[in-house]
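Colleague: need a structure here:
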Amino acid sequence: MKLENLNDYQRQSRKTAQVVHTDHPIVYPTLGLVNEAGELAGKVKKIFRDKHGQISEEDRTALKHELGDVLWYLAQIATELNIPLQEVAEANLEKLFSRLERGKIGGDGDNR
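Modeller: Modelled structure (predicted):
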């Protein structure tokens, strides 16, 4: 579809938009997880951009705090789904070691 300008895109794309009700208890922690992961990524980006990848003790402390926030939100999502974090960790390692054994640790896609 050819567009005349971005305003045209905005009008056209609106035809495909839906109102999605988000009054479920999993929504807030999921958005929080993404936000905190973004904050963690931003700090890592700045370490490489501004400090040539040299991670100071101050950086380590800041990253530890962000990882804690990520973990908190992850725990809340798992709780909402009634999945123990132990089960999440075990399933993840099973998946990763299966991929490793089959030579599929690289690449992309969930079903490797």
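
Colleague: pretty sure Leu40 sits against Gly68.
Modeller: No: applying CB atoms under 8 Å, one finds Leu40 not in contact with Gly68, separated by 10.2 Å. (C-beta placed from N, C-alpha, C; glycine too.)

Colleague: more neighbours: which of these two?
Modeller: A side-by-side neighbour count of Leu40 and Gly68, using other CB atoms under 10 Å, places Leu40 first with 17 against 11.

Colleague: phi, psi of Tyr94?
Modeller: Careful, residue 94 is Glu; it's not Tyr. phi -60, psi -50 (degrees, to the nearest 10).

Colleague: next, count neighbours for it.
Modeller: Neighbours of Glu94 (other CB under 10 Å): 10.

Colleague: what of the one 10 residues further on?
Modeller: One way to gauge burial is a neighbour count; for Lys104, by other CB under 10 Å, it gives 13.

Colleague: tell me who's in contact with it.
Modeller: Counting by CB atoms under 8 Å, 6 or more residues apart in numbering, Lys104 makes contact with Arg112.
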